[in-house]
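Trainee: Here is a sequence together with a model predicted from it:
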Amino acid sequence: MGFDNGQEGLKMPKEKQRCGWAGAGFVESGADYYIHYHDVEWGVPVHDDRHHFEMLILEGAQAGLSWATILKRRESYRKAFKNFDVKKVAKMTDADLNALLKDSDIIRNRLKVFGARKNAIAFMAIQKEFGSFDAYVWQFVEGKPINHKRKTMKDVPAQSVESVALSKDLKKRGMTFVGPTIMYAYMQAIGMVNDHTIDCFRHKQV
């Protein structure tokens, strides 16, 4: 479930109560695509392997940066990494990846760029073993979302027991940029946990 984040002029309803990270400050700065991501995608359960791979790469790219920095470059990442077709990314050559290091529309971090291919190879191995990456990853929450009741963003942890376990296993399988904090952000993004605060209009919807 993606969206065209190039539509930065998209006007979303601003009167609704949202999670603090998608608050008025982002709207005032013109980052309506960020509000759209919160309202439409964040926290919605994902069961599509292409989307799983996309979010893994994007969350890894975020390491040390803000999510807004990555989100506004989402279409550029899709173009750079073959629309996150895992088979195509796994076959990217060193020359292909080195060329991306000259692409100012993505984050030109060598470890992150080359890590995408490494993660694609590990991702495909997981698909082969479990039938799909989706079947593999959802087992860490027993197949259903953990529905939290966070009162404020201060109640949201940086990681969890589940994200630590997922991180540890993915590292064993050869993935990189999959630390516990990154994995918790990934789990939030793909709906393995519902961390919309209880006053947010999306809490009950997802």
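Mentor: Here it is on my side, so go on.
Trainee: and the residue nearest the centre of the chain, helix, strand or coil?
Mentor: The centroid of the chain falls nearest to Met55 when counting by CA atoms, centre = their mean (3.2 Å). For Met55, the secondary structure call by DSSP: H, G, I helix; E, B strand; the rest coil comes out as helix.
Trainee: Would you confirm that it contacts Ala185?
Mentor: No. In this structure, Met55 is not within contact of Ala185 by CB atoms under 8 Å, at 9.1 Å. For the C-beta atoms, the positions are set from N, CA and C on the backbone; glycine is no exception.
Trainee: What ranges in the protein fall below the confidence cut-off?
Mentor: By pLDDT under 70, the low-scoring segments of the chain are 1-15, 23-31.
Trainee: for the longest helix along it, packing partners?
Mentor: For the chain, the longest helix by residue count, based on DSSP state H, is helix 110-130. Helices and strands touching helix 110-130, by 3 or more CB pairs under 8 Å, 6 or more residues apart in numbering; DSSP states H and E, are helix 49-62, helix 86-90, helix 94-100, helix 133-138.
Trainee: ok, and which of the ones you listed has the densest surroundings?
Mentor: Ranked by mean neighbour count under mean count of other CB atoms under 10 Å, these are led by helix 49-62, which reaches a mean of 22.
Trainee: the inter-axis angle of it versus helix 110-130?
Mentor: Here helix 49-62 points in a direction 150 degrees away from that of helix 110-130 (axes from the mean of the first three to the mean of the last three CA atoms, to 10 degrees).
Trainee: Run through the neighbouring helices and strands of helix 49-62.
Mentor: Applying 3+ CB pairs under 8 Å, 6+ apart, one finds that helix 49-62 contacts helix 67-71, helix 74-80, helix 86-90, helix 110-130, helix 133-138, helix 180-189.
Trainee: what angle separates it from helix 180-189?
Mentor: On the basis of the same axes, to 10 degrees, helix 49-62 is oriented at 140 degrees to helix 180-189.
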